[in-house]
Structures are given as C-alpha cells and as structure tokens.
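Asks: Fold the stuff below for me.
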Amino acid sequence: MLRDYFKEFRYIDSNGNNVLFGSEAIYNPDSIIITSGSNEIIDYDKQEDTGVIVFDLENGGTSYQITLSNVLIDALEFELAERKSELCCGNVTFSNKTILNGQEIENSDLIVITIN
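Replies: Residues are numbered from 1 along each chain as shown. Okay, here's the model as predicted:
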C-alpha cells in the first residue's frame, strides 16, 4: 500500500506481550475504532506479522482517538510539518511531535502503548 505518511501502533501489557496479536492477545484488532478530531472514522490495516495497526495521517489531521474497548480509549495528537518528497514531486506530511494521552512521547513511526 502506497502511503503519504502513516503511523503504526502496538498495544502491549506490562510484561511486553502484544495484546492484539498472538497467543497473549486479549483484544480483537478488528474491533478497534480510530477517529479523527472531526469524528471521522479512519481506515487502518492490521499487520499481524509485525503485530501492529497502521493508519494514515489523514489530510493533515492532528488529533486521533483510538477505541480499543468500551473502557480503553487513547488520545493521540501530532504536531505536523511538511517536507519535500524523496519519492516524487511535491511535499509529504510528517510529524515532529507525538502526544499520547496528554504526555509527549518519542516521535517515531511506531507508537507503543502499554496497558496496565
């Protein structure tokens, strides 16, 4: 799948076990709902081989909500910028800051969320 810019996330428990995929899974990855700040539902891909969920940063959207269950909801925010595309012409959007539930975290393409 060709993407302008995307983020991946993985949910783990306090022991580092993936809770979406594999033998320690306790949540169904098909039931995840990702919404943008404008409450638009965002499509995502399941990457079972790497144990992650992948979604595109939609039209410069900076706020997202991930609903894993009725009681487990996480808020993601990104500070976005643009740079010249290395693959083609024009610019691509990228994040230069990532905030999870109000706390700034490492700004990488893979976001690891620990469930207590």
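Asks: Partner strands of the lengthiest strand in the chain, with direction?
Replies: Longest strand in the chain, counting residues (DSSP state E): strand 73-84. Here strand 73-84 is paired, per DSSP bridges, with strand 63-67 (antiparallel), strand 91-100 (antiparallel).
Asks: From Glu82, how far out is the residue in the chain sticking out farthest from the centre?
Replies: In the chain, the residue that sits farthest from the middle, by C-alpha atoms, centre = their mean, is Cys89; the gap is 26.0 Å. According to C-beta to C-beta, to the nearest Å, Cys89 and Glu82 sit 13 Å apart. Every C-beta, even on glycine, is put in place using the N, C-alpha and C of the backbone.
Asks: again with Asn70
Replies: Distance from Asn70 to Glu82, by C-beta to C-beta: 37 Å.
Asks: Next: Tyr44.
Replies: 23 Å.
Asks: more neighbours, these two?
Replies: Shown here are Tyr44 and Glu82; by other C-beta atoms under 10 Å, Tyr44 has more neighbours (20 against 12).
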